[in-house]
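Novice: Quick one, structure for this:
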Amino acid sequence: MSTTTAETNNNENTIATTATEAQEVQDSPRSTKSVIQHPLEHTWALWFHNPSQKTNAANFFMNLNQVYAVSTIEQFWGLYNHVMTPSKLGMGCTYYLFRQGVQPKWEDENCVGGGEWLLPLDTKGIKPDQAKQLMDQYWLNAMLACISGDAFGEYEEYICGVAAMIRKQPRISLWIRKTPDDKTILAIGEIFRNVVLLLDADLSDEEKRQASMFKVQFKSFADQMKFIRDPRFQIPK
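Specialist: Numbering: from 1, shown residues only. This is a model prediction of the structure:
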């Protein structure tokens, strides 16, 4: 077995084990009796794509599995604290946190006609450990924005979910449904960049410098295979 295959299989086994532990914590009598549960507006499901073999159109879905679904704040933190962070995953792996009932597939009826805002993490000039911290923090920020139920304001109905992709250039993405116009797409992209990079928070000069390095780019699912980048949909320009 190659190192890559062994690594991705180990990722899958670890995630399965820790998700089971999170479930046991939530289902224990002590947990349900002593902890007040705070329901989320929607139920969210964590998915994991493990490229244990070379991924292509035929086998992509075979490597995509739903790990666990959360419907309360306590369940979310129970899952988050038991599953490894994105920076610890093997190359090619992807986490998705999607609304329950929406699958992270371009062909899903909720995604057809939509697209994704991509935030590539250009970590040139950043120490490896610091780059990993940024990836994990931005992933957490993206998840919290989704489950909050109000981060995207009037555009909440268009949010499908978020993804953390481990590639040569790691990236965080936001999947959205088909929108009525370009103005809506841009408004969602602006919010996405702000909530992930915490641009509305009281940042230090160094944090502001790091955040200014990252741009978000929108790609429609219809154009994904064409690798089209529309200059209208980039923030900042």
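Novice: which element follows the top strand by length along the chain toward the C-terminus?
Specialist: Ranked by number of residues, the top strand in the chain under DSSP state E is strand 39-49. Downstream of strand 39-49, the next assigned helix or strand under DSSP states H and E is strand 64-72.
Novice: List the buried residues for the helix or strand following that next one?
Specialist: Heading C-terminal from strand 64-72, the first helix or strand you meet, by DSSP H and E, is helix 73-80. Of the residues in helix 73-80, 73, 74, 75, 76, 78, 79, 80 count as buried by neighbour count, 16 or more other Cβ atoms under 10 Å. In short, each C-beta sits where N, CA and C put it, glycine included.
Novice: repeat for stretch 148-162
Specialist: 151, 152, 155, 158, 159, 160, 161, 162.
Novice: and of the residues you listed, the nearest to residue 63?
Specialist: Closest approach between the buried residues of stretch 148-162 and residue 63, by Cβ to Cβ: residue 161, at 17.8 Å.
Novice: residue boundaries of the helices in the protein?
Specialist: 3-27, 29-34, 73-80, 128-148, 182-197, 205-212 (DSSP state H).
Novice: Least reliable of these by average pLDDT, please.
Specialist: Ranked by mean pLDDT, those bottom out at helix 29-34, with a mean of 46.
Novice: and residue 143, how many neighbours does it have?
Specialist: 22 (other Cβ atoms under 10 Å).
Novice: repeat for residue 115
Specialist: Other residues close to residue 115 by other Cβ under 10 Å number 24.
Novice: That one contacts residue 176, correct?
Specialist: Yes - with contacts counted by Cβ atoms under 8 Å, residue 115 reaches residue 176, the gap being 6.3 Å.
Novice: Return every residue with contacts to both of these two.
Specialist: Residues within reach of residue 115 and of residue 176 at once, by Cβ atoms under 8 Å, 6 or more residues apart in numbering, are residue 185.
Novice: center of this structure - which residue?
Specialist: residue 163 (2.5 Å; Cα atoms, centre = their mean).
Novice: what sits opposite it in the beta ladder?
Specialist: Beta-bridge pairing for residue 163 (DSSP bridges): residue 96, residue 173.
Novice: confidence score at it?
Specialist: pLDDT, residue 163: 98.
Novice: dump the residue contacts of it.
Specialist: Contacts for residue 163 (Cβ under 8 Å, 6+ apart) come out as 94, 95, 96, 97, 104, 116, 172, 173, 175.
Novice: Buried members of those residues into PyMOL, please.
Specialist: Typed into PyMOL, the line below selects the buried ones among these, using 16+ other Cβ under 10 Å:
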select buried, resi 94+95+96+97+104+116+172+173+175
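Novice: so which of the contacts of residue 163 comes closest to residue 195?
Specialist: Looking across the contacts of residue 163 and measuring by Cβ to Cβ, the closest to residue 195 is residue 172, at 10.7 Å.
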